[in-house]
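Q: Let's see this in three dimensions:
(chains A and B)
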Protein chains: 2
Amino acid sequence: MYLEAGLLTRRSVRKFVKNHVISDDNIRDLLKIAMYAPSGCNKQPWEFIVVNDRSLCDKISDIHPYAKFLRDASLAVVVCGNEQQECAKGHWITDTSAAIENLLLACHGLGLGACWCGIYPDAALMKTFSSMLNLPDYIKPNALVVIGYPLQMPSSVQDRFREDKIHYNQW
Amino acid sequence: MYLEAGLLTRRSVRKFVKNHVISDDNIRDLLKIAMYAPSGCNKQPWEFIVVNDRSLCDKISDIHPYAKFLRDASLAVVVCGNEQQECAKGHWITDTSAAIENLLLACHGLGLGACWCGIYPDAALMKTFSSMLNLPDYIKPNALVVIGYPLQMPSSVQDRFREDKIHYNQW
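A: Predicted coordinates for the structure are as follows:
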């Protein structure tokens, strides 16, 4: 099962080699993989704001309640949904979440570390990011994905398997 | 980049070898990988209803507007969010969407095919599934994932890379 290793070893990474540079080619590769996520009616209603301006990174690290470590990271990607392109109202949330998971796995595959810092469903935080990034009202920020070169590889993942979360044919 | 192949070649599969049996061990493996998705505050607010009763599969294939092919598939998993376990209200949607993407990739890695058939955000469809599966009011169905053995491997994925969806530091 060739994918198992990556899927079972990905972890949230929050400690980075300070401001390690990620090449433009790598950024493209990562976002390409995000764009290969499934989406309702294959509408691909996502938009990616790459934040690699250091002063903007620092500003965001002050504003987002759980992203202080962006100060040391390489960059961040704000993954947004485009309400003008979704299959049906509200689909952008699930579609962009699948794209974010692909992005996290792509980072892991490339030896980078990443952390999903939620923006949705916090209405105040969504408004703050929309204003800061000049997003039109139909572009909705789902999450800030902080990416960098891991200061150390995280230790093995805790066992997350929970038999009691599996049900058969009814609750 | 060892993960690239799987992430770029996964496709929605809707044609299956009729009712191919998937072993209980494989079902466990697939759901384990789904459970290794990231979640807000690592709350893992997901629940999985495995639907492998044939009469229930057929009933669902009649009820869901885009899952007729469940009649030929091996089984389906209704991936649900648990509102009593999420990090903050509404987090179950993004958390379970990441778990669904992991599940789809796990199927692909195992040589199976799968298709994400949305239930959320269709309120009427959510109600129908909640009633059919006896879900308590705090358990919310996100999607029906139909899984089976592909009748033929889908052809290569269309190029989904879209340069115009990448923005730098602002919209």
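Q: can you tell me if stretch A:41-56 touches chain B.
A: Yes - Stretch A:41-56 comes into contact with chain B (C-beta under 8 Å from any C-beta of the partner chain), by way of A:44, A:46, A:47, A:48, A:49, A:50, A:51, A:52, A:53, A:56. Any C-beta I mention is one placed from the backbone N, CA and C, and that applies to glycine too.
Q: Please pull up the helix or strand immediately following the longest helix belonging to chain A.
A: The single longest helix within chain A, with elements called by DSSP state H, is helix A:91-109. Elements were assigned by DSSP states H and E; along the chain past helix A:91-109, the next helix or strand is strand A:113-118.
Q: which residues are contacting that next one?
A: A:11-16, A:64, A:66-67, A:69, A:100, A:103-104, A:107-108, A:142-150, A:154, B:38, B:40, B:87, B:91, B:94, B:98 (C-beta atoms under 8 Å, 6 or more residues apart in numbering or on different chains).
Q: Of those, keep whichever come out buried.
A: For the contacts of strand A:113-118, a burial check counting by 16 or more other C-beta atoms under 10 Å in any protein chain shown picks out A:11, A:13-14, A:16, A:64, A:67, A:69, A:100, A:103-104, A:107-108, A:142-150, B:38, B:40, B:87, B:91, B:94, B:98.
Q: Go through these and flag which are in helices.
A: When DSSP H defines the helices, the subset of these inside them is A:100, A:103, A:104, A:107, A:108, B:91, B:94, B:98.
Q: Out of the residues you listed, which comes closest to residue A:168?
A: When those are compared for distance to residue A:168, the smallest value, 23.3 Å, is given by residue B:98; criterion: C-beta to C-beta.
Q: quick one, what contacts that closest one?
A: A:97, A:98, A:100, A:101, A:116, B:37, B:38, B:39.
Q: Can you lay out the residues you listed as CSV showing pLDDT and distance to residue B:31?
A: Compiled in CSV, the contacts of residue B:98 are given as follows (pLDDT from 0 to 100; distance: C-beta to C-beta, whole Å):
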residue, pLDDT, distance to residue B:31
A:97, 98, 18
A:98, 98, 17
A:100, 98, 21
A:101, 98, 16
A:116, 98, 21
B:37, 97, 11
B:38, 97, 16
B:39, 98, 15
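Q: Adding distance to residue A:20, write these out as JSON lines.
A: Shown next, in JSON lines, are those (distance: C-beta to C-beta, whole Å):
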{"residue": "A:97", "distance to residue A:20": "27"}
{"residue": "A:98", "distance to residue A:20": "27"}
{"residue": "A:100", "distance to residue A:20": "21"}
{"residue": "A:101", "distance to residue A:20": "23"}
{"residue": "A:116", "distance to residue A:20": "19"}
{"residue": "B:37", "distance to residue A:20": "26"}
{"residue": "B:38", "distance to residue A:20": "22"}
{"residue": "B:39", "distance to residue A:20": "27"}
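Q: ok, of these, which one's closest to residue B:124?
A: Sorting the contacts of residue B:98 by distance to residue B:124 puts residue A:97 at the head of the list, at 22.2 Å, by C-beta to C-beta.
Q: Assess the claim that that closest one and residue B:97 are in contact.
A: Yes - at 3.4 Å, residue A:97 counts as touching residue B:97 under the criterion of C-beta atoms under 8 Å.
Q: Which strand or helix spans the residue nearest to residue A:139 when sequence neighbours are not counted?
A: Ranked by C-beta to C-beta, 6 or more residues apart in numbering or on different chains and with sequence neighbours excluded, the top spatial neighbour of residue A:139 is residue A:80, at 5.0 Å. Residue A:80 is located in strand A:75-82, with elements delineated by DSSP H and E.
Q: Nothing else from me, thank you.
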